[in-house]
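Colleague: Fold the following and give me the result.
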Amino acid sequence: MSRKPLVGGLPVEEVALWHRVRRFAVPRWMIEGATEARLAGDWRAACAVAAVDVALDLARIGDRHGAAVRDAVADDLAHLAPDLLRWHLPRAPASGGTTLAARRVVLLAPHGGVRRRFRTHAQPSYLVVRTPGAWDGPQRLVLDFLNADDPGLLPEYLVKDWTAARHFWDARHAPELRAWCGGGGGQRLPFFHADGTPLGPRELPDTDPGSGGDPAAREEWIAVLQARGDLVGAFAAAGVDVDPTAVPLNSGWGPGEPEAVIAALPMDLPRTVREVRRLLAAGVADRFRIPGGYRGDVLVEPAGPGPDAALRARAEGPHRDAGLATVPGIAWRRMPDLQLVRTGRLAPEELHPLVAAALFPASGPACGPPGPPAVLEPVRVRCGGEWHLVGFRDGELRVPHSAREQLREQAMLAFGGDVSGCFAVQRAWASGRGRLPRALRPLRREVFERARHGDTPGLAALLAAGLDPAVRDNETGHSLRDVLRRLDPEAG
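Modeller: Numbers count the residues shown, from 1 in each chain. Sure thing, here's the model as predicted:
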């Protein structure tokens, strides 16, 4: 597979991480069970299947905020798809990208209060979801209802506003994801044909298709300019002027080029512009910040009066304007699901069914990520000048050697000798040290990814297929039992 990112795509390493997220973080059985409960009208059961703990109380909400707010919250809960919510939640870079970003509070829906331009009277309360307290802990979520002045909404940088993105959690609005990704009005998605097959590199525009033709081609042209390094041209095509002023960096290395700060962000520029204009029209603020971490931030504001005025963007040193309203990451980052389908890592039918139906309606029904293999095939190992088959059976990693030969190898190891061939594979599996055959490495990774995400049915299926549970993680040295016990103290 090419190490060069696709035009308009994510970095190759990030695509690989999102592939692992989609493979393990929301297993098929969770999607099916939560969907069945939701369609049956039991939102609490749907939350239970999707590992979402419910901390709110509808009766208490009614006592404090009135029957209208209580009924509105109940209506949201009736259409909450907790598996879809988990699918879209941000991930933690420190974990390799698969477990949930920790200590985030995601605002799902405001209730009560009256919004005025640039300020709020009778501030609303929020239906929220809280992510785990640690990225390497249990991956359980908490559904709650918080007042605007609740201390749980501080610090602000840990609060993510999804109130304008109901398609990420509300089943009624899931089809709106297509317009969010640039396929509104029945148009094809950018970088895809009308039937949902990805465009080839030579099918992207070489010249400006103009603003009056195919909207998807226009977005593709903007991405082509970004890929060429013509950021000023890309922003201009999107209706944004770039301030060329040098960026004051915090690193002590002096001023930096604004293009370098902007280029470091995997920005879906057309969608970013749409979101900024929506926020301006809603009166949320008159300037917005796109946080870029240590590299620096991008500030976006109107270049003049009126709703149709061009926008102006400039780069700033990191966190220099941390008090400004922030464009949510979901609004400016490129969608990983589109990149996974474009690169062939996932087929549309392996996406979450609500996501697949929105993005690729002609692809047929989707059933979600595949489960673990039903049969663990043996692998070939070079041993003593011959090829042997090593495989799993009845919970053990079996090698084609007699008991006497195995005792001899164990004695050699006890006296400090080296083992090789089949015995080296056994030792690497059980100790986490040494090299496994290439065919067994993905299986070991799958075991621990499923454990990290609490996929008990997936682990049970692997054990039923004969998996040896004595496996250890080669990165941490932890056994499978260690991982399960840390995620659930009553396990093991």
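
Colleague: Do a quick rundown of the strands in the stretch 151-300 of the chain.
Modeller: Assigned by DSSP state E, counting those that start in this stretch, the stretch 151-300 of the chain shows strands spanning 159-161, 240-242, 247-248, 255-256, 288-290, 297-302.

Colleague: Skipping its backbone neighbours, what lies nearest Pro270 in space?
Modeller: The shortest distance from Pro270 to any non-neighbouring residue, by Cβ to Cβ, 6 or more residues apart in numbering, is to Glu219 (4.6 Å). In short, each C-beta sits where N, CA and C put it, glycine included.

Colleague: er, Gly384 actually
Modeller: Closest to Gly384 by Cβ to Cβ, 6+ apart is Gly421, at 5.8 Å.

Colleague: ok so, going back, thinking the residue nearest to Pro270 is in contact with Pro190, fair?
Modeller: Yes - between Glu219 and Pro190 a contact is recorded at 4.2 Å, counting by Cβ atoms under 8 Å.

Colleague: between those two, what contacts are shared?
Modeller: 8, 182, 270 (Cβ atoms under 8 Å, 6 or more residues apart in numbering).

Colleague: Drop anything exposed from those.
Modeller: Buried subset of the shared contacts of Glu219 and Pro190 (neighbour count, 16 or more other Cβ atoms under 10 Å): 8, 182, 270.

Colleague: other SSEs contacting the strand or helix carrying Ala109?
Modeller: Following DSSP states H and E, one finds Ala109 within strand 105-111. Counting contacts by 3 or more Cβ pairs under 8 Å, 6 or more residues apart in numbering; DSSP states H and E, strand 105-111 is packed against helix 67-79, strand 125-130, strand 159-161.

Colleague: got the contact list for the closest residue to Arg435 other than its chain neighbours?
Modeller: Spatial nearest neighbour of Arg435, chain neighbours left out: Ala428 (6.2 Å); criterion: Cβ to Cβ, 6+ apart. Going by Cβ under 8 Å, 6+ apart, Ala428 touches 434-436, 474.

Colleague: with these in mind, which one is nearest to Arg86?
Modeller: Asn474 (27.5 Å; Cβ to Cβ).

Colleague: Now the closest one: phi and psi?
Modeller: Backbone torsions of Asn474, given as degrees, to the nearest 10, read phi -70, psi -20.

Colleague: What confidence value was assigned to the residue lying farthest from the centre of the chain?
Modeller: Distance from the C-alpha centroid of the chain peaks at Arg404, with 50.2 Å (Cα atoms, centre = their mean). Listed pLDDT for Arg404 reads 88.

Colleague: ok, back up a step: take the buried ones among the shared contacts of Glu219 and Pro190 and lay them out in CSV including distance to Ala264 and pLDDT.
Modeller: Converted to CSV, those look like this (distance: Cβ to Cβ, whole Å; pLDDT from 0 to 100):
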residue, distance to Ala264, pLDDT
Gly8, 16, 94
Gly182, 22, 93
Pro270, 19, 95
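
Colleague: Among the shared contacts of Glu219 and Pro190, which ones are in helices?
Modeller: Pro270 (DSSP state H).

Colleague: Among the shared contacts of Glu219 and Pro190, which one sits closest to Ala46?
Modeller: Gly182 (30.2 Å).

Colleague: Low-confidence ranges, the stretch 1-150 of the chain, go.
Modeller: 1-3, 93-96, 114-122 (pLDDT under 70).

Colleague: ok, which stretches of it are helices?
Modeller: 12-24, 28-39, 43-49, 58-65, 67-79, 82-88 (DSSP state H, counting those that start in this stretch).

Colleague: Also the stretch 251-400 of the chain?
Modeller: 258-263, 269-281, 329-332, 336-342, 353-359.

Colleague: Please work out which of the helices and strands packed on strand 105-111 is packed deepest.
Modeller: strand 125-130 (a mean of 23; mean count of other Cβ atoms under 10 Å).

Colleague: got the contact list for that strand?
Modeller: By Cβ under 8 Å, 6+ apart, strand 125-130 touches 52, 56, 65, 69, 73, 76-77, 85, 89, 103-113, 141-148, 152-153, 163, 169.

Colleague: So which of the shared contacts of Glu219 and Pro190 is the closest to Asp214?
Modeller: Gly182 (11.0 Å).

Colleague: so what's the closest one up against?
Modeller: Contacts of Gly182 (Cβ under 8 Å, 6+ apart): 189-190, 215-216, 219, 270-271.
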